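Colleague: Quick one: sequence plus predicted model below, questions after.
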Amino acid sequence: MPELAVKNLKKQFGDNTVLHDNTFTIEDGEFFTLLGPSGCGKSTTLNCIAGLERPTGGSITVDGTTFVDQEKGVFLQPEERNLGMVFQSYALWPHMTIAKNLALPLNIRKVDKAQQKTLIHDALDKVGLADLSGRYPHQLSGGQQQRVALARALVYSPTMLLLDEPLSNLDAKLREQARAWLKRLQTDLGITTVYVTHDQDEALALSDRIAVMSGGHMMQVADPHSIYERPATPEVAAFVGRCNFFQGKVEQSSGNVHTVRLEANGEAVHVDADLDVAPGQGVTVAIRPERLEVVPAGSEVAGTNRLDTEVLTSSYVGSHYEYDVRLGHQVVQVESQRPGLSGRVQLVFEPAGALLYAEKVELSAEERDLLTVS
Amino acid sequence: MATLTETPPPASHDQPPEFRTPRYRRPLGIGRDQLTMYGVLAVLAILVLAPVVPTLIQSVIDRPLYEDGGVLTLEGYRALFTDSGFGEVIWNTLLFAALTTVLSIVIAVPMAVVVVRTRLPGGRLVALAMQWPFFISSLILGFGWILMYGPAGFISVQFEQAFGGVPWNLYSIPGMAVTEAVALAPIAYVFCANALRQSDASLESAAQVCGAGPVRILFQVIVPMLRPPVVYSSILIFSMSVETLSVPLLYGQPVGISVFSTFLYKNGLQSVDPDYTVLGAASVVILLVTISLVALQAKLLKDAARFVSVRGKATRPRKLELGWVKYVSVGFIAFYVVFGALIPILGLVFRSFTLIFTPLRNPFDFLTMKNYETVFQFESYRQSIVNSLIVAGVGSVLVSSLAVMAVMVARRSTFRFGRAVEYLALIPQSVPGIIIGIGFFWAFAFAPFGSGTLLQGTLGALIIAFGLRALPSAFGSVAPSIMQIGQELDNAARVSGADWLMTFFRVLRVLVTPAFAGALVLTFVIMLKEYSPAVFLSSADSNILGTTMLELWAQGRTGSVAALASIQIIITAVFVALAGLLMKGKHHA
């Protein structure tokens, strides 16, 4: 069954390495997402799988067929890999009708006309556009074009489906609906799917597993729940969802509970994390905005960690409130259901609600400017 | 009629049908894609090297290439720089090119600024009028100028009668430079105007908000932005005037002023016993000059920006109000268009309808169609019109097809030598037409098994030489249009199972058609006007409009020249108009 194995995949442009020896496998029928900011190498990885780019090192094997193996000098052209791919721009051939767009890959495979007709109808039916087969691409809306592109990629029953940010050109509302629809379709078909996106919500909602990429490295490959709840590095935590970072020093540890004195205000907090640290070691405490509770100063709310702060700004965003509070010189972001807090407040969080990392988080100059107050 | 056809079982959702994965044969690891790409590379390499390599060899061989027993020598280079008068030729060329460049810029820059950035009555008309050199070759412009402003020219004589003397002398280096500058100024204009159109109008708004007036904005914001297009077009114009043949030939020959091109013309064609070694050496030296100029140009203008003149979505810049200055500008522009182009060309056309053309007698008394009758009566003149049409017609189709393939290989494939293909297609830009002529002349003499004699003196030879000359323009016109077609369309076809060739024929061919048609029109007009390689390559049977006009001009048969020139202008205009109509019609369909 189609199982994709990527070994030591490497891509260099001159001195610039865009992929660093990445190794991963994708199981049969899995929905696998490459997630990362632009320039992280996710599209390059996808193009290497599709054969549109030739890696400078490593190998890709699907189900016993070697797509590329740089050591052995093997490279299968994209047309010989039998994959289906949907592009960001949909890439529907503008001078052909929808039916003709779907017919081309079938013609290449020498499928006879009668069967072509059935297959095209079936494929368009799957995406709910069977009655539009005579139209030209420019006569369709963006969402319809995206579905036609998907039908074209599926009509010849490829071994795998590659999706390169297929939803990014849709407007926000439609994107959410298309996401759910795509998930249902993929589950129905059971086709192995590699999905590329920079949208973390999309990745979390759709995937069986996610590979978070940054600077050509795979930071973490795991299921959505682990990615969000137990990010492997501060970078993953910052990219998937929002996160506050505090620098601190370990004072003492008992089991998995570590006492960390924060640099920002000099107070100590308890963090429950499976990390081997020694007293005196510099660490980073990471807390997501929704894991922080903000309460008026002096109110009786249970919670192990309490930090005295002051509200800088409060914004109403519909489903909840967002507060920027001050901790020393640092700005901390908090999500809360409590309206109208101002002045002195307390931040409360559970030891298990925070994450602990041994590495120091280097903010970019711009972030530092925005997250520092005098 | 067959009652039953075996229909394959309908595809069920649970078990998708398995299709044969497309396979393409690759004997020895080279498939048809690779074969095509190497083919394009080979054709270009042969085309470009054919005229250059024999020239290099000839420059160091002591006798004509086609004679046996040649001995290696540097005598050609020694002779060139000692006793051939080449030093003066270099000086003349530099002076001519420098003057032409300065004058073109002086004409073009103010015009571009005024037309694009100020409220000017008839601005669009000017923009349109600046396209005239596309229709009219510099050879024809030279004829027109001589008829009007030459020593016995229509306007010169009138001026002399009115003021007792003429303050200008057309048959001089400044005279040559003025004419050439008039012909080349539109190039600088186009570069500057495009740069101005593309520049961000908010820069000016920002200056205005800061309190700057129109004049200050003009000189402190707009003009400094023009430095890149000015530098680039200066080099382009300089290199074009280094290689031009027409004006130096018409003006310089009678009074003995030689520049690079006329030096080759004189020594190669007019001397009784041409010294091919010296000719080869001179060609190599000139080639070095033009190639380094183009290399400089390429270095200044980074890769993609090479096609700057055809790129760009025009934003609508705010226009400045200049007050009285605008009337001065309008006067200046009108003077350039009317006296530079309109009067000489109309004069030439008028000349084709009269027997005598001088202000001393009323030319309307001698109106006649006789010039045209002569042209159509003589088989060889009529033939040259037909030849020109054949060369331009067949040549433009071949060159445009080659250009499309070259762009596809260079920009739309993973071919290892894609860059080489692009460079080969653009190199001919730096080879003067007359050297292409000499080079192919030697190449045909040099070709193995006498295969060159099959082409020597035929229209085929002209099509190859003119085609090579037009190739960079064709490439430059096709490349941006093809680059506008999204790369993902190719990728989608490749992933769906089409190889590179099939992607081109099944998907891209239709999308590329407009670019191909555009290149077709462009190269047809270029090849119809072209003649300089033909002075060495054409025989009595393969004369074209340009060479016939030169011949007739030398014989003093100005009327026939005027008639042929008018015919060439009309063919160009009609062709462009028809092409425009056709493409427009297709666009609406």
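Modeller: It's in. Numbers count the residues shown, from 1 in each chain, chains lettered A, B, ... in the order given.
Colleague: only C-alpha atoms for contact and neighbour calcs from this point on.
Modeller: OK.
Colleague: Show me the residue of the stretch 151-300 of chain B that gets nearest to chain A, please.
Modeller: As assessed by CA to the nearest CA, chain A sits closest to residue B:299 within the stretch 151-300 of chain B, at 20.6 Å.
Colleague: Where does that residue fall, secondary structure wise?
Modeller: helix B:276-300 (DSSP states H and E).
Colleague: Buried by neighbour count: which residues of that helix qualify?
Modeller: Going by neighbour count (16 or more other CA atoms under 10 Å in any protein chain shown), the buried part of helix B:276-300 is B:276-287, B:289-291, B:293-294, B:297.
Colleague: ok, now stretch A:300-315?
Modeller: So for stretch A:300-315, counting by 16+ other CA under 10 Å, buried means A:305, A:306, A:307, A:308, A:309, A:310, A:311, A:314.
Colleague: Only C-alpha atoms, please: export it in PDB.
Modeller: In PDB, the C-alpha atoms belonging to stretch A:300-315 read as follows (Å, rounded to 0.1, in the frame of the first residue of the first chain):
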ATOM      1  CA  GLU A 300     -10.100  34.400  46.100                       C
ATOM      2  CA  VAL A 301      -9.500  32.100  43.200                       C
ATOM      3  CA  ALA A 302      -7.800  28.800  43.600                       C
ATOM      4  CA  GLY A 303      -4.500  28.400  41.800                       C
ATOM      5  CA  THR A 304      -0.900  27.500  42.500                       C
ATOM      6  CA  ASN A 305       0.800  30.300  40.700                       C
ATOM      7  CA  ARG A 306      -0.300  33.900  41.200                       C
ATOM      8  CA  LEU A 307       1.500  36.900  39.700                       C
ATOM      9  CA  ASP A 308       0.700  40.500  40.600                       C
ATOM     10  CA  THR A 309       0.300  42.600  37.400                       C
ATOM     11  CA  GLU A 310      -1.400  45.600  36.000                       C
ATOM     12  CA  VAL A 311      -3.600  45.900  32.900                       C
ATOM     13  CA  LEU A 312      -2.100  47.800  30.000                       C
ATOM     14  CA  THR A 313      -4.900  47.400  27.400                       C
ATOM     15  CA  SER A 314      -8.000  45.400  27.100                       C
ATOM     16  CA  SER A 315      -9.700  44.500  23.900                       C
END
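Colleague: Give me the mean pLDDT for it.
Modeller: In this model, stretch A:300-315 carries a mean pLDDT of 84.
Colleague: Just confirm residue A:286 contacts residue A:244, I think it does.
Modeller: Yes - using CA atoms under 8 Å, residue A:286 is in contact with residue A:244, at 5.5 Å.
Colleague: For the stretch 1-150 of chain A, what lies in contact range of chain B?
Modeller: A:50, A:52, A:77-87, A:89-93, A:95, A:105, A:108-109, A:111, A:114-115, A:118-119 (CA under 8 Å from any CA of the partner chain).
Colleague: so which of the buried residues of stretch A:300-315 comes closest to residue B:136?
Modeller: residue A:314 (71.2 Å; CA to CA).
Colleague: who touches the closest one in this structure?
Modeller: Under the criterion of CA atoms under 8 Å, 6 or more residues apart in numbering or on different chains, the neighbours of residue A:314 are A:321, A:322, A:323, A:324, A:340, A:341, A:342.
Colleague: again, 6 Å this time
Modeller: When contacts are counted by CA atoms under 6 Å, 6 or more residues apart in numbering or on different chains, residue A:314 touches A:322, A:323.
Colleague: Give the pairing partners of the one helix or strand it maps to; include direction for each.
Modeller: Element membership for residue A:314 (DSSP H and E) is strand A:305-316. Using DSSP bridges, strand A:305-316 pairs in its sheet with strand A:321-327 (antiparallel), strand A:344-349 (antiparallel).
Colleague: contact partners of the shortest one?
Modeller: The set of residues external to strand A:344-349 that reach it, using CA under 6 Å, 6+ apart, is A:292-297, A:303, A:305-310.
Colleague: hmm, 7 Å instead?
Modeller: With contact meaning CA atoms under 7 Å, 6 or more residues apart in numbering or on different chains, strand A:344-349 is reached by A:291-297, A:303-311.
Colleague: between these, which is nearest chain B?
Modeller: residue A:311 (38.5 Å).
Colleague: Now the closest one: closest residue in space that isn't a chain neighbour?
Modeller: Spatial nearest neighbour of residue A:311, excluding adjacent residues (CA to CA, 6 or more residues apart in numbering or on different chains): residue A:325 at 4.4 Å.
Colleague: Check residue B:413 too.
Modeller: Distance criterion CA to CA, 6+ apart; nearest residue to residue B:413, sequence neighbours excluded, is residue B:500 at 7.6 Å.
Colleague: Ok, residue A:329 next?
Modeller: residue A:373 is the one closest to residue A:329 (CA to CA, 6+ apart), at 4.9 Å.
Colleague: cool, and residue B:269?
Modeller: residue B:536 (7.4 Å).
Colleague: quick one: contacts for that neighbour?
Modeller: If you count contacts by CA under 7 Å, 6+ apart, residue B:536 has them with B:437, B:438, B:441.
Colleague: Okay, the residue in the stretch 51-200 of chain A positioned nearest to chain B and residue B:23: tell me how far apart.
Modeller: The nearest approach of the stretch 51-200 of chain A to chain B comes at residue A:79, 3.8 Å away (CA to the nearest CA). Residue A:79 is 8 Å from residue B:23, where distance means CA to CA, to the nearest Å.
Colleague: pLDDT weak spots in the chain?
Modeller: Since you didn't name a chain, this refers to chain A. Along chain A, segments meeting pLDDT under 70 span A:1-2, A:302-303.
Colleague: other chain: chain B
Modeller: B:1-18, B:199-201, B:301-318, B:320, B:322, B:585-589.
Colleague: Now do the helices in the stretch 201-350 of chain B.
Modeller: B:201-209, B:214-217, B:223-225, B:227-243, B:246-247, B:253-255, B:260-265, B:276-300, B:325-335, B:343-351 (DSSP state H, counting those that start in this stretch).
Colleague: Pick out the residue closest to the middle of chain B.
Modeller: What sits nearest the mean C-alpha location of chain B, by CA atoms, centre = their mean, is residue B:526, with 5.7 Å.
Colleague: element containing that one, please.
Modeller: Here residue B:526 sits within helix B:509-529, counting by DSSP H and E.
Colleague: from the chain's centre, how far out does that helix sit?
Modeller: Here helix B:509-529 is found 13 Å from its chain centre; the criterion is CA atoms, centre = their mean, to the nearest Å.
Colleague: Past it, which element shows up next along the chain?
Modeller: Next along from helix B:509-529, by DSSP H and E: helix B:534-537.
Colleague: Can you name the residues of chain B sitting close to chain A?
Modeller: When proximity is defined as CA under 7 Å from any CA of the partner chain, chain B approaches chain A at B:16-23, B:488-489, B:491-492, B:494-499, B:507.
Colleague: Buried only: go through those residues for me.
Modeller: Burial by neighbour count, judged by 16+ other CA under 10 Å, picks out B:17, B:21-22, B:488-489, B:491-492, B:494-499, B:507 from these.
Colleague: Could you pull out the helices in the stretch 351-500 of chain B for me?
Modeller: B:370-377, B:379-411, B:418-426, B:433-446, B:451-455, B:459-483, B:487-496, B:500-502.
Colleague: which residues sit against stretch B:571-589?
Modeller: B:135, B:521, B:525.
Colleague: Looking at these, which is nearest chain A?
Modeller: Distance to chain A, by CA to the nearest CA, is smallest for residue B:521 among the contacts of stretch B:571-589, at 23.3 Å.
Colleague: tally of neighbours for that closest one?
Modeller: Other residues near residue B:521 come to 22 when the count uses other CA atoms under 10 Å in any protein chain shown.
Colleague: and if you look at residue B:465?
Modeller: Other residues near residue B:465 number 30, with proximity taken as other CA under 10 Å.
Colleague: Ok, the one 10 residues further on next?
Modeller: Here the count is done by other CA under 10 Å, and residue B:475 has 24 residues near it.
Colleague: cool, residue B:377 as well?
Modeller: Residues within reach of residue B:377, counting by other CA under 10 Å, total 11.
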